[in-house]
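please find the sequence and the predicted model below.
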Amino acid sequence: LYLQNNRFVGTMHTHFGLLTSLEKIDFSQNLLFGAIPTEIGKTRLKHLDLSRNNFGGSVPQTLSKLFNLTKLHFHENALTGTIPPDVISSLVNLKEF
């Protein structure tokens with residue numbers, strides 16, 4: 001699902017967690033805000049790019065469930081805190097961060 005650079009405004013809906021077969025989400029370079037939904041951990045994502053938005057809050061612990069993730073970008077947001085250690089240690093296939 002490639003929707004980058006569209007000037008979409010709003011939050012990322014929790015229903016993305018229902019799209020369990022989805023492998024790629026690129027919402028980079030939009031005007032999205034709010035928290036990254038914890039439900040994202042229910043997917044089988046290999047590629048997640050939420051960079052260059054205005055997401056806030058902390059990095060969800062549920063990202064640790066994305067074992068197949070090879071690409072993760074969430075730079076240039078308003079995230080706070082540190083990346084949970086479980087997330088870092090669980091993403092063994094990560095090639096881009």
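Nice, thanks for sending it over.

for the nearest residue to Thr80 once chain neighbours are set aside, give its distance to Gly17.
Leaving aside its chain neighbours, Thr80 sits nearest to Ser58 (5.9 Å; criterion: CB to CB, 6 or more residues apart in numbering). Every residue, glycine included, has its C-beta placed from N, CA and C. Applying CB to CB, to the nearest Å, the value for Ser58 to Gly17 is 18 Å.

cool, Val87 as well?
16 Å.

who's more crowded, the two?
Taking neighbours as other CB atoms under 10 Å, Val87 and Gly17 compare with Val87 leading, 21 against 16.

which helices and strands does the helix or strand hosting that one pack with?
Per DSSP states H and E: Val87 is located in helix 85-90. If contacts are counted by 3 or more CB pairs under 8 Å, 6 or more residues apart in numbering; DSSP states H and E, helix 85-90 sits against no helix or strand.

how about it: buried residues?
87, 90 (16 or more other CB atoms under 10 Å).

which residues does it contact?
59, 61, 63-67 (CB atoms under 8 Å, 6 or more residues apart in numbering).

I'd like those as TSV, with neighbour count appended.
Output for the contacts of helix 85-90, formatted as TSV (neighbours: other CB atoms under 10 Å):
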residue	neighbour count
Val59	21
Gln61	15
Leu63	23
Ser64	19
Lys65	20
Leu66	22
Phe67	13
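
got those residues as JSON lines, with pLDDT, secondary structure and distance to Lys42 columns?
Below are those laid out as JSON lines (pLDDT from 0 to 100; DSSP: H, G, I helix; E, B strand; the rest coil; distance: CB to CB, whole Å):
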{"residue": "Val59", "pLDDT": "94", "secondary structure": "coil", "distance to Lys42": "16"}
{"residue": "Gln61", "pLDDT": "94", "secondary structure": "helix", "distance to Lys42": "13"}
{"residue": "Leu63", "pLDDT": "94", "secondary structure": "helix", "distance to Lys42": "11"}
{"residue": "Ser64", "pLDDT": "95", "secondary structure": "helix", "distance to Lys42": "12"}
{"residue": "Lys65", "pLDDT": "94", "secondary structure": "helix", "distance to Lys42": "7"}
{"residue": "Leu66", "pLDDT": "94", "secondary structure": "coil", "distance to Lys42": "9"}
{"residue": "Phe67", "pLDDT": "92", "secondary structure": "coil", "distance to Lys42": "12"}
